[in-house]
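> how does the following fold in three dimensions:
(2 chains)
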Amino acid sequence: MVLTASAIATWSCSKSFLEITPTTEVSTTEAITDVASMRTAIAGTYAQMKDFNYYGRTTMLVPELLSDNAFISTRNTGRYISYGDYAIVPEEAFSRDQWRQQYITAANASMIIQYGEPLNISESELDERNQIIGEAYAVRALAYFDLLKMYAQPYSYTADASHPGVPIVRELPTQLSELVYPGRSTVKEGYDWVVENLQHAIAIMPPRLIVQGRVSSSKTRLSLNGAKALLARVYLYMGKYQLAADLATEVIESQQYSLLVTNSLIAGFKSLNSSESIFEIANNQSDHQGSNSLAAMFHQSNYGDALATEDSYNQYAEGDVRREFITKGIRSSAENPAYLVNKYDNISTFNEHIKVIRLAEVYLTRAEALAKLGGANVTGALADLNLIRKRANPEAEDITLSGDALIAEILAERRRELAFEGHRLYDLTRNNLAFTHYISPLIVDRPNSFVVDYPGRSSQHLRTILPIPQQEIDNNVGLQGQQNEGY
Amino acid sequence: MNRYLLRIATQLLTVLFMLSNSALFGRNNTAVQSIEKIYVQIELKNGSLIQALQLIERQSPIFFMYNPEDVKGVEHLTVSGKRQSVAALLKTMLANTKLEFKQVDSRVLIVPVGAGQTRAAADAAATMAAHRQDGRVSGKVVDATGVPISGATVKMAGPRDFSQSTNQEGNFSFTGVPFGTYEVTISSLGYVEQQTTVELQASNTNFQLNITLQERLSELSEVVVVAYGQQERSSFTGAVSTLKGEDIASTPRVSVQESFQGNLAGVQVSNGNGQPGSVPDIRIRGIGSINAGSQPLYVVDGVPIETFDLTGYGTNTIAGISANDIESISVLKDASSASLYGSRAANGVVLITTKSGASGRTKLNVGFQQGFNSDALNDRNKPLSTPEMLELLREGWVNAGQDLSTFNERVIEANNIDTTINTDWAKELLRTGRFSQYDINASGGNDKSNFYLSAGYMESQSVLIGVDYDRFTGKMKIANKPNDWISFDANMLFSYQKANTRPDASSFENPYYYLQRIQPWAPVRNPDGTYVLQYSSSSSDVNPKALAEAALRQGKTYNVLPGISASLKFTDYLSFETKGSLNLNFAESRVYRPYNFSSSAASGGIGSHRNNRMVSWINTNILRFNKTFGDHGIQAIAGTEAQKTTFVESQAEANNFLPNTTYLDGASVPTGATSGLLNNAISSLFFNANYAFKQKYHLSFSLRRDGSSRFYGSQNMYGNFYSVGGAWNIDKEGFMDHVDVISSLNLRVSYGENGNQDIGNFAALGLYSMTAYDGGTGLYYSQINNDLLTWEKNKPFNIGLDFGLFNNRLSGTFEYYKRITSDLLYNMPIPSPNGLLEYFENIGAMENKGVELSLSTRNIVAEQAGGFNWTTSFNITTTKNVVTKLPSPLVDISTYREEGLDFYQFYLVGYAGVDPNTGNALWYTDETKTATTTVYGEAERFLQGSAIPDFYGGFNNNFSYKGFDLGVNIFFNWGNKIFDNWARYSDTDGNLGTNIRGKMSRQIYNYRWQQPGDDALLPKVVYLGTQSSTPDFRSTRYLYDGSYIRLRDVTLAYNLPAAWLQRMGKLGGARLYVRASNLYTYVRDKRLPYDPEVSVTGQLDNKPPVPRTVVFGIDLTL
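A predicted model of the protein is given here:
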C-alpha cells in the first residue's frame, strides 16, 4: 500500500517532475537581462564570426581565390574547387553556409540590441552597456557589409546603387509566428543600413574599449575606433571619399595604434593584439576552428590546398619583407614550384587571430580616398602610400605619381599589404578593373589562366559575386526570382 | 593463421582428453546403487518411522517394504537435516528398535530382527506388500527425442489428489499413495497433454511410468512475453514475432540484434559494419520518422533501455547482454502489442527477457567456443599492383595527349615513384581475426527460491587491423516466494565492453578507406624495418598501417542493470506488483594520435579523454486482475510508470605527450575541457484489458497517457495513446470439427495509435546555447520557442491469420500491415535572416505497408527418438514505404525525398556508359534518357531507385539424426539499391594522377575503354583528366543492385549419447559443434566490389568489412 501511495504521489507531482530545463543552455527570455549577461551574449556573437564559414575561413579565402592571388592545388581535399574554376553553383555549400553565418551573426547582434536597449542599467555600468550595445550595432553593420560585398554587385554597379542588394531584417522575430521572409533590398538601402548602424555605434560608444567594467586595449572586440575604421572602409566602397578620408584621419590621430616596424612586421602580424591591429577575431587554443581554419587551408602540413599565384609572388620587390609571407617551395605530389602562403601558419595550437582591420589598411584607405579626391589631396595620398611602402621595404624609393597611375599604385600596394586578408577581389571589382584569374599550372586539359573582363560583363565577371544560395531561395518566398544575374 | 589453427586444435584436444578422462575413470556404477552410497537429507521432528521412510523415498530411488504392524510403534523420531547415506540413517533410526533392514535391488525391507535372515528376501517382499496399504508412483517424462522435460506437471486424481513437477532430469515420484485407481495427467507447456490410469493394489505397489510427450505443434498454445506480462498466443490480438533463447545462444556474433536478421518477419536488420559490437540498423515494419529516431524501443526485463552510442565509437549497450543469458525475445509490431508503451512505441518494441532459475537440482552449463573471423575480400576489390597501376598511368599519359617517351621523366621521376616497391595493402591492412567465447551458468532452486548465475567472456577481432572487441558479461537473478501471497525477485545484469575502433567513411584514420586508395608503390617499412610514417607532410598522406598500430580510439562501456520487484497477491484474481530498476552506464572514450604523424606532430601528440555516465531509474507499479465468470474471462492491468534519465559528460583534451603515454597525465598542454548535464523524464499511466468469450472470441483494449519533459515549453506535454484489437479462434468453432485438414486457425485484427518522442531533450524551448570567445563564455541564439510541438503519431493497422494444417505439420502466420505515421517532426527551414536555420514542425506523414508470411513445416518427423527429423521455417516480409506529406522536397547530395516517393530514393546523374569512339564518359542529360552529354555539369539528376528492399526474409532448415544435428540458415534481401559514396576517390580514371592516395580501382583496370571501338563499361584513363571523374561527379556509375542471398549460418553439431554421458559421471549433456556464419553470399550485381550488406540508408561507407566467422564449440551440462 505504501508502494501504491508512493506511485500515486509520483504521478501527481509529475508536472514539476517533467518541467526540466537545460543546464548547458539558457531560455531565450533569460539570456539578456543585465550587463553581465550582455557580455556573454556579445561574446557569443563574436564566436559566430569566428566560425570557419565566416571570418574563420571562407570570408577571408574566397576573395583571394576568385581574384588573382590564390588558387586550389590539383592535389586537394575537395574544398573550394569550384571557386578556383569560377564554377560555383547556387547549391554550393560554402557559399550557402557563409550567407547563413553572416545572418546568424547579425541576428545575434540584433537580439542584444532588442533585449538590451530597454533594460534599466545603473549609472556605473552605463559605459559598458553603451560599449556592448554599440558593438552590437557595429557587428551587425559588418555582417551586412560582408553580405553586400559577397552577394551583391559593387555600389557603383548602377549609378544610384539601385541594383539588388541583400535582404534586411531591421526587427528580429523571436516567436515562430513572427518569422520573416524578406526579399532583397537595393544595394543603396543595404549600404545606408550599414552606415546607419555604424553611425549609431559611433554615437554611443565610449572612447576607449570597456571590458568587464575596465578600459581594455584588447583588439578582439570592436571599439569606437574600430567602428570608425570600418565606416571609413564602407565609405571608400561607396565612393564617399571625403568622409572616408576624414574618418581614417580620426582613427590614425587617435594615437591608439601604431604601425609595426619593418623588422618586426612578419612576426608582429602573426602575434596576438599587435599595436597595429584595430580589430581581430580571437581563436583560442580551446575553441579554434582546427583543421577548418584558414591556416589549415594554406599550410602544407595540413590540407594546404590553397596556393599563392606566381603573379602575386611577383608583386614583391627584392627587399620587401612582406615577400616572406609567401615561400617558393613544393606541394608534394603536385605543383612544383608552388608558392606557399605562410601568413597564417599556426596549425598546432591554432591560437591565431583573424585580422579584420589594421592600421596599415586605414592609411591605404585614406591614400586611396585622397588620391581619388585629387588636387591638393594627392600629397597626403603619396605620404600615406610611401609610409606603407617604405615600412615594408626601407630601401624603396619614394613614389611621386598622380592621377590614375597613383590610384593604380595604391591598389597595387593594397594587394601587397593586404594579401590573403580577404580584400583583393573587392579592390578589383569596386574599381571596375579587369584581372587575370589563374588555375593550377598542372591542369593539362584547360588554359591555366583567363581574363575576368570588367566591365565587359563576361559571364565570369558576373560571377565575381556569389550566387544567392539556392536553399535560401527555396526556403524564402521573398527571395524567389531574385537570383543574381549570371547564375 | 596456421599457428592459430594449431592452437585451437590443441585446446580442443585438451578438452576432449578431459572428457574421455572422466569417461575412463568415472564411477563404474550399475543401475541400482547400494544404500550405503545413496545420500539423502531429511529433517524430521518428533515424527514416526513411516513418515521418515516416506521422506527418504521422495529423495531417492529407494522403495521401502514393511509390515505396517511391525513399524507403527516406532515414533518420536528426530532427524537432523544433515546429508547422510540411507544406510547410516536407517541404522540410527532403527538402533533402539527390534527392527533391521535389508536391501533387495531397489527395495529395502524393514523387518523384525532375524526375519531378514530366515526368509528369502523376495518372499518377504511379497508378503509384506500384502500388508501395506500404500504404494508409490514414479517415472520420467521425456519428449519425442528422448530429452527429459523438466517442469512438467504430473497430477494424480483418485482416492487422494497428488500433484508434482518433474525435476531437471524429468523425474517425478509420489510415495505414500493410498491404494486405489488414479487418473494421471501429464502436461507441459508446448506439449500435448497425456492421460493414463494406474491402479495401486497390494499386488502392484510400485508403478514406474515412462511418459513421452508429443510436442504441441500449434503455436497458438505458446505463451509469449508481451508488454507488462505474458499471454497465450491464441488470446492475443496483436502481432508479435518471437525468438527463443536457444535459437540465439552461442551465436558467434556480439550484438544480439544481429541474430534477428532473417529470423523475424517484419524486422529489417542491416549492419554492414564489421566492427564487433556495433549497432545494427533495425527497422520494424518500415521507416517511421524523418528527423526523429527510427530505432525500436528496447525493454530488458521490463526496463526501457537507452541504447544510444555512449562512447561515440559505434558501441552498443545492448551488445552488453550475452545471448546465452536470454530466455526469449519478443518483437512487438502493431498497435495491440506495442501501444501500451505509448510515446516510445512507434518504431516497434523489442522485449528481451533474461533467464531465471528453475526449481530442481542445480544445473551447470559450460560453453566454450573458439574460431576466427576472416574477410571475404572480393576478387573485384583486390588492390592493383604497381605494374598494373603504371600500366594505367602510361595509358592515361598518352590519352592526355602526352608523348609516352616523356612518361618516365615527367611522371615517374618527377614524382619520385619507386617502381620496385609493390605493396599488397590487402595483406597489410587485413588479417584473420581471433574469435572466442566462454560462458558458464548455474541455475537451480527449490519450491520457494531459485537462482540463476552466469558469467561470460567474448573476444572478437575484426578482419581490419586496429578494430577489435572484448566483453565480460554477468548476470544474477534470485527469486523468493515465502508464501502464497508474496514474492520477490532481484535481478542484475552487468557487463564491460571494450572496443578498439577506427573512424569510418573518408577519415584519414580509416585503414579500410586507404585500402581503396593508397598506391602500391607506397612502402610500408623503411629498409631498417621501421615503419614509414608519412608519404608527405600532409596529414592525409599517412601510412595507414603504422597509424592504425600507433593510434588509439578506444571506447569502454560499463553497464549495470539491477532491478528489484515485489508482488502481492490479494486474492486469486487480484494482485499488485512493483518494480524499481536502475540502468547505470558508464562510458569512457579515449583518443590518442602520436607525435610522429603530421596530423599531430606540431602538437606533440594529441589526446582526448571523455567520460560519461548515463543513469536512468524507473519505477513501475501494476495492478493485475484476472477472473473468469462463466463464459467470460477478463484479464486487466492498470499501472503507473516514471522514468528519469540523467546524462553527464566530461571531456578533456591535451597536446604534447611524453613517449609511450596515452593518458592526459602524460601531456603537458591542456587544450580544452568541457562538461555538461542533460536530463529527461517521462511519467505515465496505463491500462490494458483483454476480454474473452468462451475462449473463442477475444477483445483487447489499451490506453496510455505519457507526459514527457521533452515537450516542456509546448502546450502538448502530455499525449494519449491507445489500441483496440480482436481475435477469433476459428478452429474452436463447432463447424470446424469436420475440417480435418485445418488443425488450428486464428484471425486477428488490431488498430491504434502510439507515438515517437525520440527527439532532443529541449526541443520546444526557446534557447541560447553556450559557446566561447577569447577565453570567456558566450551565449548565442540557437532555438526558437515552439509551443505547438507535439509527438509524432503512428497509427498501425494489422490483420493476421495464424493457421495449422495437416495436424500442424504445416503451420504459419500471414499478416498484412499498414501504418500511417503523421505529425512527423520535420526540420522546417527558416530563412537565415531570422537568425536560425530550422525549427521542428509536426508536418510530415508517411505510410508503410506490406505483408509478412512465416511458415514452418515438419517435413520428416522421426518415428522414434534418434530418428531422422527435418524441419523447415521460412519467412518473408515486404515493405512499401511512401512519404505522403512533405512540405517541400528534401534534396540531399544523393537522395531525393518528396511526397509520393519512398523515403530512400537515390537521386543521381544517370551514367550512360562510354562513347566507343572517344572513350569519354557519357551521362544522360535528364530522366528521359534520350540524350547524353560528355559534360557532367550538363546532366540533370533524376530518381534512380530506392535503398528499401522489395522483400527480405529467411529460410532455415534443421536436420537431426541420432546425436547429430545440422542447421542451415539462409538470409535473403532483394530489390534495393546501394550507393558507394567514396568510389569518387578510387574510380578516378586517372584524375588524381600519381597522388599517393590516387590508386585506381580494379574495376577500372578490368573494364576501361582502351581503343576506338571498345564497347567498354568504364571510360578511358586520362592522366589528371577531369572529363569522366572528379570527386564531385556522383552518378549511377557507383550505384549497385543490393540484392543478395547469404548462407548466414551453418551449424553441425554432435550430441554425445546419453550412455556415454552416464559413463562420464555427472555430465548431463555434451555437444560438440562447428558453426560458420556468412560462409557464402550470392550477390546479384556482378559489378559490386563490396559486401552487399549496408546500413538501411543504402550508403557504402568504408566500414570494417563484415567477416566470415568459423567457430568450433563445446557445450557441457553438468
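
> flag the shaky bits of the chain, pLDDT-wise.
Just so you know, I chose chain A. A:1-15, A:454-459 (pLDDT under 70).

> should've been chain B
Across chain B (using pLDDT under 70), the flagged ranges come out as B:1-32, B:115-132, B:190, B:216-221, B:376-377.

> how about whichever residue of chain A sits closest to chain B: what's its closest non-neighbour residue?
Closest to chain B within chain A is residue A:107: 2.3 Å, counting by CB to the nearest CB. For glycine as for every other residue, the C-beta is placed from the backbone atoms N, C-alpha and C. Residue nearest to residue A:107 in three dimensions, not counting chain neighbours: residue B:835, with 2.3 Å by CB to CB, 6 or more residues apart in numbering or on different chains.

> the one you found touches residue A:112, doesn't it?
No: counting by CB atoms under 8 Å, residue B:835 does not reach residue A:112; the two are 11.6 Å apart.

> ramachandran coordinates for the residue nearest to residue A:107?
Per-residue torsions, residue B:835: phi 90, psi 0 (degrees, to the nearest 10).

> tell me the contacts of it?
A:103-104, A:106-108, A:110-111, A:169, A:172, B:781 (CB atoms under 8 Å, 6 or more residues apart in numbering or on different chains).

> strands - which of those land there?
residue B:781 (DSSP state E).

> ok, so of the contacts of residue B:835, who is nearest residue B:310?
Nearest to residue B:310 out of the contacts of residue B:835 is residue B:781 (CB to CB; 29.8 Å).

> ok, what's across the strand from that closest one?
residue B:768 (DSSP bridges).

> quick check: residues of the stretch 401-550 of chain B near chain A?
B:401-402, B:414-415, B:536-541 (CB under 8 Å from any CB of the partner chain).

> out of these, which end up buried?
Burial by neighbour count, 16 or more other CB atoms under 10 Å in any protein chain shown: within these this picks out B:402, B:415, B:536, B:538-541.

> quick check: the two most widely separated of those?
B:402 and B:539 (31.3 Å).

> if we can go back for a sec, from residue A:56, how far out is the residue of chain A closest to chain B?
18 Å (CB to CB, to the nearest Å).

> what number of residues lie near the residue of chain A closest to chain B?
Counted by other CB atoms under 10 Å in any protein chain shown, the residues lying close to residue A:107 total 23.

> cool, residue B:878 as well?
Residue B:878 has 18 nearby residues by other CB under 10 Å.

> in which helix or strand would I find the nearest residue to it once chain neighbours are set aside?
Using CB to CB, 6+ apart and skipping residues adjacent in sequence, the residue nearest residue B:878 is residue B:850, 4.1 Å away. Using DSSP states H and E, residue B:850 maps to strand B:838-860.

> what angle sits between the helix or strand just after that strand and strand B:838-860?
Sequence-wise, the next helix or strand beyond strand B:838-860 is strand B:869-878, with elements assigned using DSSP H and E. Counting by axes from the mean of the first three to the mean of the last three CA atoms, to 10 degrees, strand B:869-878 lies at 150 degrees to strand B:838-860.

> partner strands of strand B:869-878, with direction?
strand B:838-860 (antiparallel), strand B:951-961 (antiparallel).

> CSV for the ones you listed, including mean neighbour count?
Formatted as CSV, the strands paired with strand B:869-878 follow (neighbours: other CB atoms under 10 Å in any protein chain shown):
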stretch, mean neighbour count
strand B:838-860, 19
strand B:951-961, 19
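
> ok, back up a step: isn't the residue of chain A closest to chain B up against residue B:836?
Yes: with contacts counted by CB under 8 Å, residue A:107 reaches residue B:836, the gap being 7.4 Å.

> between these two, which contacts overlap?
residue B:781.

> residue B:556: neighbour count?
Residue B:556 has 20 nearby residues by other CB under 10 Å.

> so which strand or helix has it?
strand B:552-569.

> where's the residue lying closest to residue B:798 once chain neighbours are set aside relative to residue B:340, distance?
Spatial nearest neighbour of residue B:798, excluding adjacent residues (CB to CB, 6+ apart): residue B:334 at 3.7 Å. Residue B:334 is 12 Å from residue B:340, where distance means CB to CB.

> repeat for residue B:367
Relative to residue B:340, and taking CB to CB, residue B:367 is found at 35 Å.

> between these two, which one's more packed in?
residue B:340 (29 against 20).

> list the contacts of the more buried one.
B:227-228, B:686, B:688, B:702, B:704, B:723.

> doesn't it lie inside a strand?
No: Residue B:340 is assigned helix when assessed by DSSP: H, G, I helix; E, B strand; the rest coil, not a strand.

> find the nearest non-adjacent residue to it, please.
residue B:227 (3.9 Å).

> any idea how far that neighbour is from residue B:561?
Remark: distance between residue B:227 and residue B:561 (CB to CB) = 19 Å.

> how many residues are close by residue B:813?
Residues lying near residue B:813 (other CB under 10 Å) number 21.

> my read: it touches residue B:853, true?
Yes: if you go by CB under 8 Å, residue B:813 and residue B:853 touch, sitting 7.4 Å apart.

> any residues in contact with both of those two?
Joint contacts of residue B:813 and residue B:853 (CB under 8 Å, 6+ apart) are residue B:265.

> now the strand holding residue B:850: how far from the chain's centre is it?
19 Å (CA atoms, centre = their mean, to the nearest Å).

> CA atoms only: put that strand into PDB for me.
In PDB, the C-alpha atoms belonging to strand B:838-860 read as follows (Å, rounded to 0.1, in the frame of the first residue of the first chain):
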ATOM      1  CA  GLU B 838      15.400  25.500 -38.800                       C
ATOM      2  CA  TYR B 839      12.700  24.500 -36.300                       C
ATOM      3  CA  PHE B 840      10.900  21.300 -35.600                       C
ATOM      4  CA  GLU B 841       7.400  21.200 -37.100                       C
ATOM      5  CA  ASN B 842       4.900  18.300 -37.000                       C
ATOM      6  CA  ILE B 843       4.200  18.400 -40.600                       C
ATOM      7  CA  GLY B 844       5.200  15.300 -42.500                       C
ATOM      8  CA  ALA B 845       3.400  12.000 -43.000                       C
ATOM      9  CA  MET B 846       4.500   8.600 -44.100                       C
ATOM     10  CA  GLU B 847       2.900   5.300 -44.800                       C
ATOM     11  CA  ASN B 848       4.400   1.800 -44.600                       C
ATOM     12  CA  LYS B 849       2.500  -1.200 -45.700                       C
ATOM     13  CA  GLY B 850       3.300  -4.800 -46.600                       C
ATOM     14  CA  VAL B 851       2.800  -8.400 -45.900                       C
ATOM     15  CA  GLU B 852       4.600 -10.900 -43.700                       C
ATOM     16  CA  LEU B 853       4.500 -14.600 -44.100                       C
ATOM     17  CA  SER B 854       6.000 -17.100 -41.700                       C
ATOM     18  CA  LEU B 855       5.800 -20.800 -42.300                       C
ATOM     19  CA  SER B 856       7.200 -23.700 -40.500                       C
ATOM     20  CA  THR B 857       6.900 -27.300 -41.600                       C
ATOM     21  CA  ARG B 858       7.800 -30.600 -40.200                       C
ATOM     22  CA  ASN B 859       8.900 -32.400 -43.300                       C
ATOM     23  CA  ILE B 860      10.100 -35.600 -41.700                       C
END
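
> which residues does the residue nearest to residue B:340 contact?
Counted by CB under 8 Å, 6+ apart, residue B:227 has contacts B:332, B:337-338, B:340-341, B:349, B:351, B:688, B:702.
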